[in-house]
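# just to be clear, the model below is a prediction. Sequence and coordinates:
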Amino acid sequence: MEKIKIAIVGTGNCASSLIQGIHYYKDKAPEEAIGLMHPVIGGYGPSDIEVVAAWDIDKRKVGKDVSQAIFEKPNCTTVFCSDIPESGVKVEMGRILDGVSEHMKDYPEHRTFVVADEPEPTKEQVVQRLRESGAEVLLNYLPVGSEEATRFYAECALEAGVAFVNNIPVFIASDPEWAARFEEAGIPIIGDDIKAQVGATITHRTLTDLFAKRGVKLERTYQLNTGGNTDFLNMLNHARLASKKESKTEAVQSVAAERLSDENIHVGPSDYVPWQNDNKVCFLRMEGKLFGDVPMNLELRLSVEDSPNSAGVAIDAVRCAKLALDRGLGGVIHAPSSYFCKHPPRQVSDDEAYRLMEAFIAGQEKPHEVPDIGSRERQSAAA
């Protein structure tokens, strides 16, 4: 198979895990590829992905080969594949815009970004680099809250004719105007806000769906998360969290039997604990009523390495974007978006999203045939 050429915005922990995974699985047979949802998609394996361009703003990364930059501070994720050959691709200085929160400068250098003293590229320069590199898919790994910066790179993807995978909670695929622009240009987009392999959101959704299917009335719930990576440090600035909280909360609300009032649901990042590094700890509590209005509650603690937990999903999203390109599809690719992301344009249950995505991979489902069921409550009202 030909290589899937990708460009990456932000060479942080998530990009590190993604690139490590590309090399970790290269010599493994499909039956030995533990941890992958799909060892092969459309004939493409993880090792068929090749990084051809990358941007960052940290002086410890800019100018270095991607294979080296992904292990530089402030990256702190688990190294599960250190044997990565030089790629010949240098990390280039990116556009800052709102990509760095003001409070980050108050923390030690090994924990936060150190902005490089380099000229920032224009849109024309980024577009030219995408075209010259032969990139087919652009992955957005900017920090949460990077609204202006995300729109800048989405514009670059549109102009360069490159598919866009939006891994963060800035609403591009789920914004009707942006979605229409990608459809009009005939360029695929998958988003928004990547849903980890087995993370807080997918676990919370699964349990909420279980309550609904088993006739338990969910009355209130919270999801509290702690971590020590730059993502959690960045999110100490609550002004950057509006879209993140909406994305995570809607992911849970959409599978509830009845929509909870705002005062009875709290979903969102909670605190930064430096020594946790890339480990994320999630605390869930759900309160409800069983048969006979008898009360019950459930509490769960989940501990995961945050970035590898999303990397396998990103590897699948890249390959689905490539399938869309191969098939001449443009606009939002709904089945993968609904399965891989917290805030897709069309929310469906995870079981249904899985079925639709498998059909898409097999070429049996058109991407625009994914229904938007919303929550069960809204579905029943519509009926």
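Yes, it's here. Numbering: from 1, shown residues only.
# can you report how many residues neighbour residue 110?
As a burial measure, residue 110 scores 11 neighbours (other C-beta atoms under 10 Å). C-beta here means a position set from N, CA and C on the backbone, and glycine is covered the same way.
# just give the nearest non-adjacent residue to it, would you?
Sequence neighbours aside, residue 73 is the residue nearest to residue 110 in space, at 4.8 Å (criterion: C-beta to C-beta, 6 or more residues apart in numbering).
# quick one, what contacts the one you found?
Listed by C-beta atoms under 8 Å, 6 or more residues apart in numbering, the contact partners of residue 73 are 60, 109, 110.
# that one sits in which helix or strand?
When elements are defined using DSSP states H and E, residue 73 is found to belong to no helix and no strand.
# check residue 248 too.
If you go by DSSP H and E, residue 248 is part of helix 242-253.
# ok, and what's touching that helix?
Residues contacting helix 242-253 (C-beta under 8 Å, 6+ apart): 144-145, 147, 169-171, 192-193, 195, 200-201, 204-205, 208, 221, 223, 235, 259-260, 265, 267-269, 342-343, 347, 375.
# buried subset of those residues?
Among the contacts of helix 242-253, those classed as buried by 16 or more other C-beta atoms under 10 Å are 144-145, 147, 169-171, 192-193, 195, 200-201, 204-205, 208, 221, 223, 235, 260, 265, 267-269, 342-343, 347, 375.
# could you list which of those belong to strands?
Taking DSSP state E, the ones among those that sit in strands are 221, 223, 265, 267, 268, 269.
# the fourth one contacts residue 225, correct?
Pointing back at residue 267 there. No. Using C-beta atoms under 8 Å, residue 267 makes no contact with residue 225, being 9.1 Å away.
# low-confidence ranges in this protein?
365-383 (pLDDT under 70).
# which residues of it fall in strands?
Along the chain, counting by DSSP E, strands occupy 4-9, 49-56, 91-93, 137-140, 163-166, 188-190, 217-227, 265-272, 279-289, 295-305, 331-332.
# among the ones you listed, which comes closest to residue 125?
strand 91-93 (8.9 Å; C-beta to C-beta).
# what packs against that closest one?
Strand 91-93 sits against strand 49-56, with contacts defined as 3 or more C-beta pairs under 8 Å, 6 or more residues apart in numbering; DSSP states H and E.
# picking up where we left off before, separation between the residue nearest to residue 110 and residue 191?
Distance, residue 73 to residue 191, using C-beta to C-beta, to the nearest Å: 28 Å.
# what do you get for residue 17?
Applying C-beta to C-beta to residue 17 and residue 191 gives a distance of 19 Å.
# who has more neighbours out of the two?
Taking neighbours as other C-beta under 10 Å, residue 17 and residue 191 compare with residue 191 leading, 34 against 29.
# is it true that residue 227 touches residue 307?
No. Residue 227 lies out of contact with residue 307 (C-beta under 8 Å); the separation is 10.2 Å.
# pull up the overlap in contacts between those two.
Counting by C-beta under 8 Å, 6+ apart, the contacts common to residue 227 and residue 307 are residue 278.
# so where's the longest helix in this structure?
With residue count as the measure and DSSP state H as the assignment, the chain has helix 306-326 as its longest helix.
# in that one, what counts as buried?
For helix 306-326, by 16+ other C-beta under 10 Å, it's 306-325.
# many thanks, have a good one.
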